[in-house]
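> just to be clear, the model below is a prediction. Sequence and coordinates:
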Amino acid sequence: MGKALRNSGLTIVALALFLLALVGQALTGHAHYVEEQREHGQPSVTFVEYLGTGHFGEAVFENWESEFLQMAMFIFLTAFLVQKGSAESNKPPDEEGAGEEEVREDPRKHRDDPDAPWPVRRGGLVLKLYESSLSLALFLLFLVSLALHAATGAADYNEEQAEHGGEPVGVMGYARTSRFWFESFQNWQSEFLSVAAIVVLSIYLRQRGSPESKPVHAPHGQTGSG
């Protein structure tokens, strides 16, 4: 058990921090929502009831949407684009060893390796899809989160419309509002800024022991983490 916990420590801590932050968001969101309801003369809701409101769902899913988009685009773009000197990039075409990175190696060379994942040994269309499965999965999670953002956002929007005598809208109707896209773009821009920051800062700054950093002694011009 100790070995299993040690070998999965990164995932366990990340998920624990996620759950703590989600609980914190739910508790503070409920307090804020109840306060708003009181100011508008609306009935209060319990904490459990709040978890089913559009107010909570929209806040959660609009952030998930941007995170999955960030990671999907980052992984996809790093397969084709480079930044010389960055630990997050493959080597530029004119740099020694360019094209020889292990991540660029043709997996078909390992079809007979019994330890290779099943899609590699299977080949064909299965392997073709598996070669891009990480970015495809993240793009799918982005689309699911985007749809949930639209659905929960519509519920929250319609609740506000009812309070002010406005007309309700459907999910597709809400997805065409400026509010929906404002909520999306305000998150997307921050995610892309953070990607640019880690790409550029990893040229000059280091974190000893992290695979996302170059070795502390590596020259600034070295591209890639290894």
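That came through fine.

> would you check how far apart the residue of the chain positioned farthest from its centre and residue 163 are?
The centre of the chain is farthest from one residue, residue 41, which by Cα atoms, centre = their mean lies 37.7 Å away. Look at residue 41 and residue 163: by Cβ to Cβ, to the nearest Å, they are 9 Å apart. The way it works is simple: take the backbone N, C-alpha and C, and place the C-beta from them, glycine included.

> what does residue 89 give?
50 Å.

> pick out whichever of the two has more residues nearby.
It is residue 89, of residue 89 and residue 163, that has more neighbours when counted by other Cβ atoms under 10 Å, with 19 against 13.

> need the contact list for the more buried one.
Residues near residue 89 by Cβ atoms under 8 Å, 6 or more residues apart in numbering: 78, 81-83, 199, 223-224.

> now do residue 151
By Cβ under 8 Å, 6+ apart, the neighbours of residue 151 are 57, 171.

> after the host helix or strand of it comes which helix or strand?
In this structure, residue 151 sits in helix 133-163 according to DSSP states H and E. Note on helix 133-163: by DSSP H and E, the next helix or strand toward the C-terminus is helix 171-175.

> what mean pLDDT does stretch 161-172 get?
Mean pLDDT, computed over stretch 161-172, is 91.

> show me where the protein has its helices.
2-7, 9-39, 47-51, 54-78, 118-122, 124-130, 133-163, 171-175, 178-204 (DSSP state H).

> chain center to stretch 197-212, what's the gap?
Computed by Cα atoms, centre = their mean, to the nearest Å, the chain-centroid distance of stretch 197-212 equals 19 Å.

> what does it contact?
Contacts for stretch 197-212 (Cβ under 8 Å, 6+ apart): 83, 85-89, 213-216, 218, 220, 225.

> the nearest residue to residue 190 once chain neighbours are set aside: how many residues sit nearby?
In this structure, residue 190 finds its nearest non-sequential neighbour in residue 66, 7.4 Å apart by Cβ to Cβ, 6 or more residues apart in numbering. Neighbourhood size, residue 66 [other Cβ under 10 Å]: 24.
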